[in-house]
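Chemist: got a predicted model here, sequence first, then my questions.
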Amino acid sequence: MTDILEKLGVTRGELANAAFELYVSHGLTEKEAKERFNTLLEKYLSDANVKALLLAGALLDEELDMKDDPVYLVADELLGMDIADYIAGSRGVFEFVRYDK
């Protein structure tokens, strides 16, 4: 899965940086949070369902080749919400919507 993300110009480091720009501490040290994040990232990047959703997003990005994010296109947000729901349930969807604004 990492090769597909990198083909799209996304690295693990960029995923981690993006995650921690949004991170609000909940009692973990930054080191503990990063270790937990990397463990979960590894787990979910190898999960067949997450892979399928990421592949759908990659195909959407490749086939539509849109330079901006038109308001009528919601499939990308739906895929993001599905991934958030699969990984973290309702709380994950809530956080996704909050950060996507």
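Modeler: Structure's in. What do you need? All of these numbers come straight from a predicted model, not from anything done at the bench.
Chemist: and stretch 58-69, which residues are buried?
Modeler: Neighbour-count burial for stretch 58-69, counted by 16 or more other C-beta atoms under 10 Å, picks out residue 58. The C-beta positions use only the backbone N, C-alpha and C, and glycine is treated the same way.
Chemist: show me the contact partners of that stretch.
Modeler: 4, 7, 8, 73, 75, 76, 79 (C-beta atoms under 8 Å, 6 or more residues apart in numbering).
Chemist: I'd like those as a markdown table, with secondary structure appended.
Modeler: As requested, the contacts of stretch 58-69 are exported to a markdown table (DSSP: H, G, I helix; E, B strand; the rest coil):
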| residue | secondary structure |
| --- | --- |
| 4 | helix |
| 7 | helix |
| 8 | coil |
| 73 | coil |
| 75 | helix |
| 76 | helix |
| 79 | helix |
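Chemist: now the buried members of these.
Modeler: Members of the contacts of stretch 58-69 classed as buried by 16+ other C-beta under 10 Å are 76, 79.
Chemist: and the most far-flung residue of the chain relative to its centre, how far from residue 55?
Modeler: What lies farthest from the middle of the chain is residue 27; by C-alpha atoms, centre = their mean that is 22.9 Å. Distance of residue 27 to residue 55, computed by C-beta to C-beta, to the nearest Å: 35 Å.
Chemist: how about residue 96?
Modeler: With C-beta to C-beta as the criterion, residue 96 and residue 55 are 19 Å apart.
Chemist: in this structure, which spans are helices?
Modeler: Ranges of helices within the chain are 2-7, 12-22, 30-45, 48-64, 75-100, based on DSSP state H.
Chemist: how about the spatially most central residue of the chain, nearest residue that isn't a chain neighbour?
Modeler: The residue lying closest to the centre of the chain (C-alpha atoms, centre = their mean) is residue 80, at 6.6 Å. Excluding its sequence neighbours, the residue lying closest to residue 80 (C-beta to C-beta, 6 or more residues apart in numbering) is residue 96, at 5.7 Å.
Chemist: please tell me how far that neighbour sits from residue 54.
Modeler: 14 Å.
Chemist: and if you look at residue 11?
Modeler: Taking C-beta to C-beta, one finds residue 11 at 14 Å from residue 54.
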